[in-house]
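Peer 1: got a sequence here, can you model it:
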Amino acid sequence: MKVIIKLFCFVPLVLFATLGYAFSGGTGTKADPYLIRNCPELQNIINFPTADFLLIDYVNCNGFDYGDGKGFMPLGNLTSPFTGKFDGNNFKISYIKINRNLQDNVGIFGVTLGAEITNVNFDNVTIIGKSYVGTLVGLAKVGTKISNVYAAASQIDTVASQVGGLVGRSEGNASVKNTIQNASVDVIVKASLENSSYVGGMLGTVTYSDVSNSHALGAVSGNYAVGGLVGRLEATTTLLNTNAQGLVNGASNVGGLVGSTSGSSHITNSYATGNVVVTYGDAGGLLGADLSGIQIDRCYATGNVESLSTSTSSDTGGLVGNFVGASGVIKNSYATGALTNNYGTTGGLVGWLSKGSVSNSYSVGRVSGTNSWAIGGLIGVHRDGGSVVSSYWDKTTSGQNGSANGVGKTTAEMHTQSTYVGWDFNSIWYWSQGQYPTLR
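Peer 2: Residues are numbered from 1 along each chain as shown. So this is what the prediction gives:
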């Protein structure tokens with residue numbers, strides 16, 4: 001008798017995920033990471049949040065859905081954050097869509113903790129979330145390291161707070177900071193103009209983090225604390241060699257680079273070139289408002305700043321709108337954009353200066369405001385101490401002969417090196433005859 005035995009072998013993806021076989025190779029260790037070559041394998045990281053991964057091919061997620069009709073499911077959450085390493089190996093991830101408007105912690109990675117994400121390129125990522133939303137990471141917790149990341153042609157839409165073109169919130173602590181370096185994003189970030197806060201072209205909120213050699217290109221819109229690169233800087237955070245170049249639009253505390261600051265932070269060797277439009281609050285070409293004493297060194301802004309307010313006092317400045325704090329310092333910096341503010345205070349460099357100090361800085365942009373109650377070529381209002389030293393404005397180009405502080409000069413004088421008393425033209429400033437000083 002012939003016995004025929006038929007064997008049927010069907011193992012669903014979830015079983016593969018449980019056994020750890022649904023990858024193209026590897027064992028998930030640092031020495032032998034799981035290998036990923038397609039979108040289902042990328043999604044399967046959700047089942048192995050502590051492992052290490054290496055991308056080995058271009059990944060196209062066009063049409064991919066987790067199974068709930070809302071597109072890709074963020075990798076990692078508050079209960080089970082991603083803690084491993086993801087190396088994109090410079091391959092590109094494209095066409096991820098996430099539509100989770102009622103969910104927090106939304107991004108390709110939802111929540112990370114002590115994770116490392118590096119060498120990642122992605123484009124055409126569309127994300128809709130609630131709060132803590134970014135294209136790459138929604139909430140990056142203590143010890144997260146992000147490096148060598150490029151995001152292009154992507155968009156984020158949200159109705160709430162802490163939203164960034166790369167990371168929604170980067171949250172280190174006093175002992176272990178987060179680091180973000182060599183990141184470039186061209187992402188349109190759109191948040192509700194009525195309810196949103198802490199919205200940035202790259203980072204929504206940054207606390208206890210170091211950000212370096214990074215820039216953002218896309219337009220940014222939101223309500224409160226809106227910046228071309230960062231919505232809000234908190235605690236001890238540094239921005240070094242960073243820039244933003246997109247249009248920034250918001251209701252209050254709006255800046256070409258940073259919307260607002262809180263805590264002891266530093267912005268160094270950084271600039272913003274995008275125009276800034278504010279509805280009724282404070283705005284600056286580089287920083288909207290500082291209330292805690294930030295250190296700004298070797299920075300500049302070239303974008304125009306416009307306040308649309310007609311009934312609420314708005315502080316606007318070519319570099320900083322509202323600069324308050326006894327430890328606040330602006331030095332070796334300049335602004336060239338035009339200022340328009342029809343209700344409030346405005347200055348070519350700083351709109352409202354209180355307690356902080358300004359040194360070796362200048363402004364040249366036109367300053368105007370039909371109904372503003374304080375207009376200055378360099379400083380709009382200066383109160384409660386602080387100092388302005390060796391800082392100048394161009395009376396000709398600004399259209400202003402007066403300022404709350406600083407020294408006004410003609411264009412010809414501003415083009416003369418001897419005007420700039422005590423400035424370092426050997427290591428900080430570069431001089432070219434007949435031009436304004438520029439930073440080395």
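Peer 1: contacting residues for the residue nearest to L78 when sequence neighbours are not counted?
Peer 2: Distances taken as CB to CB, 6 or more residues apart in numbering place V111 nearest to L78, at 5.6 Å, with adjacent residues excluded. C-betas here are computed from N, CA, C, even on glycine. By CB atoms under 8 Å, 6 or more residues apart in numbering, the contact set of V111 is P74, G76, N77, L78, P81, F82, N105, V137, G138, L139, A140, K141.
Peer 1: any quick PyMOL command for the buried ones out of those residues?
Peer 2: Buried subset of these, written as a PyMOL selection, criterion 16 or more other CB atoms under 10 Å:
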select buried, resi 74+76+77+81+82+105+137+138+139+140+141
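Peer 1: from the contacts of V111, pick the one nearest I36.
Peer 2: F82 (13.7 Å; CB to CB).
Peer 1: and the residue nearest to L78, how far from Y362?
Peer 2: Distance, V111 to Y362, using CB to CB, to the nearest Å: 44 Å.
Peer 1: next: A335.
Peer 2: In terms of CB to CB, A335 sits 8 Å off from Y362.
Peer 1: where does this protein have its least confident helix or strand?
Peer 2: Taking mean pLDDT, DSSP states H and E as the measure, helix 13-19 is the helix or strand of the chain with the lowest mean score, a mean of 36.
Peer 1: can you name the next helix or strand after it?
Peer 2: strand 34-36 (DSSP states H and E).
Peer 1: so which of the contacts of V111 is the closest to L286?
Peer 2: A140 (24.3 Å).
Peer 1: that closest one: what's it in contact with?
Peer 2: By CB under 8 Å, 6+ apart, the contact list for A140 reads V111, T112, A115, I146, V167, R169, S170, E171, N178.
Peer 1: so what does it have for phi and psi?
Peer 2: phi -100, psi 110 (degrees, to the nearest 10).
Peer 1: next: S418.
Peer 2: Residue torsions, per degrees, to the nearest 10, at S418 are phi -70, psi -10.
Peer 1: next, count neighbours for it.
Peer 2: Using other CB atoms under 10 Å, S418 has 6 other residues around it.
Peer 1: distance of it from Y334?
Peer 2: From S418 to Y334 the distance is 18 Å (CB to CB).
Peer 1: again, but for A31
Peer 2: Taking CB to CB, one finds A31 at 50 Å from Y334.
Peer 1: quick one, which of these two is more surrounded?
Peer 2: Y334 (29 against 7).
Peer 1: the helices in this structure, which residues?
Peer 2: For the chain, the helices defined by DSSP state H cover 13-19, 39-43, 395-398, 411-414.
Peer 1: from V278, how far out is the closest residue to G88 other than its chain neighbours?
Peer 2: Nearest non-adjacent residue to G88, counting by CB to CB, 6+ apart: V120, 3.6 Å away. V120 sits 33 Å away from V278, going by CB to CB.
Peer 1: out of the two, which sits in the busier spot?
Peer 2: Comparing V120 with V278 by other CB under 10 Å, the one with more neighbours is V278, at 28 against 23.
Peer 1: next one, pLDDT for the residue nearest to the more buried one when sequence neighbours are not counted please.
Peer 2: In space, and not counting its chain neighbours, V278 is closest to V254: 4.5 Å by CB to CB, 6+ apart. With respect to pLDDT, V254 scores 98.
Peer 1: same check, this time on E171
Peer 2: pLDDT at E171 comes out at 98.
Peer 1: just to check, it is in contact with G143?
Peer 2: No: the pair E171 / G143 is not scored as a contact, 10.2 Å apart, by CB atoms under 8 Å.
Peer 1: which one's more surrounded, the two?
Peer 2: Neighbour totals were compared for E171 and G143, and E171 leads with 23 against 18 (other CB under 10 Å).
Peer 1: shaky segments in this protein?
Peer 2: Scanning the chain for pLDDT under 70 picks out 1-21.
Peer 1: what sits against V320?
Peer 2: V320 neighbours (CB under 8 Å, 6+ apart): G255, G284, L286, L287, G288, A289, D290, I296, I330, L349, V350, G351.
Peer 1: tell me the one of these nearest G26?
Peer 2: G255 (43.9 Å).
Peer 1: how close does the nearest residue to the closest one once chain neighbours are set aside get to S390?
Peer 2: What sits nearest to G255 in space, not counting adjacent residues and going by CB to CB, 6+ apart, is G288, at 3.8 Å. Per CB to CB, G288 is found 26 Å from S390.
Peer 1: next: T345.
Peer 2: 23 Å.
Peer 1: more crowded one of these two?
Peer 2: T345 (28 against 17).
Peer 1: show me the beta-bridge partners of T205.
Peer 2: Assessed by DSSP bridges, T205 has beta-bridge partners R169, R232.
Peer 1: surely it and E234 touch.
Peer 2: Yes: taking CB under 8 Å as the definition, T205 is a contact partner of E234 at 6.3 Å.
Peer 1: which of the two has more neighbours?
Peer 2: More neighbours surround T205 than the other of T205 and E234, with 29 against 22 (other CB under 10 Å).
Peer 1: could you give the number of residues near the closest residue in space to Q155 that isn't next to it in sequence?
Peer 2: Distances taken as CB to CB, 6+ apart place I188 nearest to Q155, at 4.6 Å, with adjacent residues excluded. Look at I188: counted by other CB under 10 Å, it has 18 neighbours.
Peer 1: buried set for stretch 55-75?
Peer 2: Residues L55, I56, V59, C61, F64, K70, G71, F72, M73, P74, L75 are the ones in stretch 55-75 that count as buried (16+ other CB under 10 Å).
Peer 1: cool, and stretch 100-115?
Peer 2: So for stretch 100-115, counting by 16+ other CB under 10 Å, buried means 100, 103-115.
Peer 1: what of stretch 353-362?
Peer 2: Buried, per 16+ other CB under 10 Å, within stretch 353-362: L353, S354, K355, G356, S357, V358, S359, N360, S361, Y362.
Peer 1: first-to-last residue distance for it?
Peer 2: 15 Å (CA to CA, to the nearest Å).
Peer 1: off-centre distance for that stretch?
Peer 2: Taking CA atoms, centre = their mean, to the nearest Å, one finds the center of stretch 353-362 at 24 Å from the center of the full chain.
Peer 1: before we move on, what about stretch 362-380?
Peer 2: Using CA atoms, centre = their mean, the mean C-alpha position of stretch 362-380 is found 27 Å from that of the whole chain.
Peer 1: pull out the buried residues from it.
Peer 2: 362-369, 372, 374-380.
Peer 1: closest one of the buried residues of stretch 55-75 to N90?
Peer 2: For those, the nearest to N90 is L55 (8.4 Å; CB to CB).
Peer 1: now the closest one, which residues is it bridged with?
Peer 2: Beta-bridge partners of L55, as defined by DSSP bridges: I36.
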